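Peer 1: need a structure here:
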Amino acid sequence: MPYEANENLLQWLAQETPEEVLEPELPIVDPHHHLWDLRLIKEEPHVRFQQKVYLCEEIAREIAEGGHNVTQTVFAQCDAFYRGDGEEEMKCVGETEFVNGVAAMSRSGLYGPAEICAGIFGAADLRVGKDVERVLRAHMDASANFRGVRTMFPHDLNDQFMEGYAVLAKLGLSFDNYHWEHDRLSTLAKLGEAFPDVPIIVNHLGGKIDPNAGDDDIAEWRENIDAIARCSNAVMKVGGAQQRVGPWEPPFHNNKREKPIGSEELCELLYPYYIHVIEAFGPDRCMFESNFPVDKECVSYRTLWNTFKRIAAKAGLSESEKTAMFSGAAQRVYRLS
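Peer 2: As a prediction, the model looks like this:
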């Protein structure tokens, strides 16, 4: 049932005239969505998000009503449902425990045929060094779907952090990363070169996209994208360009429109940035992502995936390249069966 806390956003989205679903049979793995209940959260950045409650029923409804052939999803770390007691460094395991329950709900079949949360990446503080192993093993014990972590990294890649990062290699886990400042991508590339066996999944085009910042900033973003793309164990999540970062929001202002944007216009708006990433990494190392419910503030689930399909068509992707970007890369990197 709809939650009152979500009502304003849902009313805005309801103004949209639903588009015809493009290529409805194309299999999709959504490699990046969150689940949360923010009604009692007052801290940044969560306090700004308009979708206050987003649980199993909500993502299942997006998939069912969206009309696209979403077969699997991957849960993205978002500091949700941490344990309320116990050791501080172990509280983050509560998120995986919660999401594992959602995955079990999905496996019941009561929420549709898609495998929701078939993969999970959570949180762990790698800065504690090798002691992070017990936290990571607790995540793995909490869910067979646990695949890796998303966390920040220090500018200097100090020895203690590198010890913690080495545990990811030891346990066969991946490293998701997002930082709003794209100038950190060159350091991320050094991390990837030091540990070639750890898959690095760069989130949301590698940082905030700001066309108003000027040509020099966009040129620097392209250079930083090219730097991380040269790291062969790095892949890119193509999406999230519309999301707000704290008080900053993209100059597209799609969330402030009278009515939600359509896929044709959104494709034209985002294509110059998306095509650079696709060409830098190659389709085999790219995956389209919903970043819901964050991007839901700008566009519906159906329209967003239509946008990605338009981008793929405009880029001239072959059938095998489309398969990679819509499902194959995510299945490979997150080891989904």
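Peer 1: only C-alpha atoms for contact and neighbour calcs from this point on.
Peer 2: Fine.
Peer 1: From Asn100, how far off is the residue in the chain sticking out farthest from the centre?
Peer 2: Largest separation from the mean C-alpha position in the chain: Gly86, at 28.7 Å (CA atoms, centre = their mean). According to CA to CA, to the nearest Å, Gly86 stands 20 Å off from Asn100.
Peer 1: circling back to that earlier point, same question for the residue farthest from the centre of the chain, what's its three-state structure.
Peer 2: Three-state assignment for Gly86 (DSSP: H, G, I helix; E, B strand; the rest coil): coil.
Peer 1: Contacts only, for the closest residue in space to Asp284 that isn't next to it in sequence.
Peer 2: Distance criterion CA to CA, 6 or more residues apart in numbering; nearest residue to Asp284, sequence neighbours excluded, is Ala324 at 5.3 Å. Ala324 makes contact with Pro283, Asp284, Arg285, Cys286, Met287, Ala330, according to CA atoms under 8 Å, 6 or more residues apart in numbering.
Peer 1: And Pro27, by the same measure?
Peer 2: Per CA under 8 Å, 6+ apart, neighbours of Pro27: His68, Asn69, Val70, Thr71, Thr323, Phe326, Ser327.
Peer 1: where does the fifth one land on pLDDT?
Peer 2: Confidence at Thr323, expressed as pLDDT, is 99.
Peer 1: pLDDT score for Ile120?
Peer 2: As predicted, Ile120 sits at a pLDDT of 99.
Peer 1: Equivalent analysis for Pro2, please.
Peer 2: For Pro2, the model assigns a pLDDT of 74.
Peer 1: Just give me the neighbour total for it.
Peer 2: Neighbours of Pro2 under the rule other CA atoms under 10 Å: 11.
Peer 1: same check, this time on His253
Peer 2: His253, neighbours per other CA under 10 Å, totals 12.
Peer 1: Okay, it and Ile261: tell me how far apart.
Peer 2: Taken as CA to CA, the span from His253 to Ile261 is 10 Å.
Peer 1: can you tell me which helix in this structure is longest?
Peer 2: Ranked by number of residues, the top helix in the chain under DSSP state H is helix 263-281.
Peer 1: Pull out the buried positions in it.
Peer 2: Ser263, Leu266, Cys267, Leu270, Tyr271, Tyr273, Tyr274, Ile275, Val277, Ile278, Ala280, Phe281 (16 or more other CA atoms under 10 Å).
Peer 1: mind listing the strands for the stretch 201-337 of the chain?
Peer 2: Here the stretch 201-337 of the chain has its strands, by DSSP state E, counting those that start in this stretch, at 234-238, 286-288.
Peer 1: Can you lay out the ones you listed as TSV showing distance to Tyr178, mean pLDDT and mean neighbour count?
Peer 2: Shown next, in TSV, are the strands of the stretch 201-337 of the chain (distance: least, CA to CA, whole Å; pLDDT from 0 to 100; neighbours: other CA atoms under 10 Å):
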stretch	distance to Tyr178	mean pLDDT	mean neighbour count
strand 234-238	10	99	26
strand 286-288	15	99	29
